[in-house]
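[1] Next one to model:
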Amino acid sequence: MKRVIVVGSGFGGAASVRALRKVLERDVEIVVVSPRPELLYYPGLIWIPTGARRPEDLVVNLTAFFRKNAASHHSGTLVGLEDGGRTVVTDNGSLSGDVVLIATGALPLRKLPGIEHSLSICSGLEEAIRIREGLAGMARGTIAVGFAGNPEEPSAVRGGPVFEILFGIDTWLRQKGRRGQVELVFFSPAAEPGNRLGPEAVRGLLSEMKRRGIATHLGHKLVKFSETGVTTAGGEIPADMIVFTPGLRGADWIANTDLERSPGGFIRAERTCQVPGHPPLFVVGDTGAFPGPDWMPKQGHSADLQADVAAANIKDYLEGRQGTRTFRVELVCVVDSLNSGTLVYRTPSRNFLLKSPLMHNAKAFFEKRYLARYR
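    Residues are numbered from 1 along each chain as shown. I've put the predicted structure just below:
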């Protein structure tokens, strides 16, 4: 029996299992390796601080999903690869397969001094809950919200959710009648934050901040964080709470392999999702560095597109053919503001925005529909 090992059960891993089972016969074994058989819906974390979502709304136990797709689960954390990529080494034993697909995501670049004094909306449920608790307990003060990229790899950035938490907090404070007592400041070392979304999006986001009375501190290198605020090369930002999402980097285990890495430490892969020089190894989602435009996003939608392509090419590989399918480059996101939203769409040939209160409802509907695949 042939075996495909999928490492990771996040967006890329879950989508890959779904895509693989669509194209592979049931006599091909699928084994999923991850610490727990669960999926956390990261885009919904923006609604935890304002109470629009509960933690249990965003966590899906994948046991039934795996069973439905004839996939087994191995509890463990990836620590390395052997046999040219065919053997997965975990902290709970090793497994070998005919093909290995890596979908373990990325890690935050936590190098800034004092970063422990900040909270990230992209780090998981625990920090999202801490933001909620800090927000609920703040009668007056200043909240500094910002993000940065990876200097070694500018595309390794997570800016969209930061804009969403900024606008969401502003809306929530206004609904509670507390916006006059709480100041909001947006900061970024980039002079044009959010430029991956396109020039029009940058102008629109900054215009929206101005309209909402959100102060900005842009284009200055970040120096450090402290209990009292943010220090940049351009001055101090006093703050009672710092919500900050750093850039992304590749996992530590990748550095201990012979895999070719990008400047940010991600696994270099082809548009076919195959790893050069390692035919049985494929990559999907944030852990890969793929050829394409410098604005190419690291987001769940990209992982879904890559999973479909990887599955088709894995089928070809198992049947002795060279897979040639490639994924399309496409950025699709809704920058939500709790009661409205702006759709941002970008491809190599198109870029447009659509702002409407209906976009908030569309984002919520998509979440429900997306999670229904795995529940």
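[2] Helices of the stretch 1-150 of the chain, residue ranges please.
    11-23, 55-58, 63-68, 125-136 (DSSP state H, counting those that start in this stretch).
[3] ugh, typo on my part, it should be the stretch 151-300 of the chain
    Taking DSSP H, counting those that start in this stretch as the criterion, the stretch 151-300 of the chain carries its helices at 160-175, 199-212, 300-318.
[4] now the last one, how far from the centre of its chain.
    With Cα atoms, centre = their mean, to the nearest Å as the basis, helix 300-318 stands 18 Å off its chain's centre.
[5] now do the second one
    In this view, helix 199-212 has its centroid 23 Å away from the chain centroid, taken as Cα atoms, centre = their mean.
[6] re the thing from before, for E183, find the nearest of the helices of the stretch 151-300 of the chain.
    Of all these, helix 160-175 sits nearest to E183, with 10.1 Å by Cβ to Cβ. Glycine gets a C-beta too; all of them are placed from N, C-alpha and C.
[7] Tell me which of the helices of the stretch 151-300 of the chain lies nearest to L343.
    helix 199-212 (10.3 Å).
[8] Now that closest one: buried residues?
    Buried residues in helix 199-212, counted by 16 or more other Cβ atoms under 10 Å: 201-202, 204-206, 208-209, 212.
[9] re earlier: for G250, find the nearest of the helices of the stretch 1-150 of the chain.
    helix 11-23 (14.2 Å).
[10] so the closest one versus helix 300-318, what angle?
    40 degrees (axes from the mean of the first three to the mean of the last three Cα atoms, to 10 degrees).
[11] now helix 11-23: mean pLDDT?
    Averaged across helix 11-23, pLDDT comes to 98.
[12] show me where pLDDT drops low in the protein?
    Along the chain, the model assigns pLDDT under 70 to no residue.
[13] domain assignment for it?
    The record's domain parsing of the chain by automatic domain parsing lists 3-106+250-318, 112-247.
[14] Any idea which of those gets closest to G341?
    Of all the domains of the chain, domain 112-247 comes closest under Cβ to Cβ, at 8.5 Å.
[15] Check the separation of the first and last residues in that closest one.
    11 Å (Cα to Cα, to the nearest Å).
[16] what do you get for stretch 87-106?
    Termini of stretch 87-106 sit 21 Å apart (Cα to Cα).
[17] If you count neighbours, what's buried in that stretch?
    87-90, 95, 97-106.
[18] that older thread, export the domains of the chain as CSV, with columns for distance to L343.
    Listed next are the domains of the chain as CSV, based on distance: least, Cβ to Cβ, whole Å:
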stretch, distance to L343
domain 3-106+250-318, 12
domain 112-247, 10
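[19] what's the closest of those domains to V335?
    domain 112-247 (5.2 Å).
[20] and that closest one, how far from the chain's centre?
    17 Å.
[21] Using neighbour counts, pick out the buried residues of stretch 121-134.
    121-123, 125, 127-132, 134.
[22] before we move on, what about stretch 222-229?
    Going by 16+ other Cβ under 10 Å, stretch 222-229 has these buried residues: 222, 225, 229.
[23] wait, what's in contact with the last one?
    Just to be clear, that refers to G229. Contact analysis of G229 by Cβ atoms under 8 Å, 6 or more residues apart in numbering lists 142, 144, 236-239, 242.
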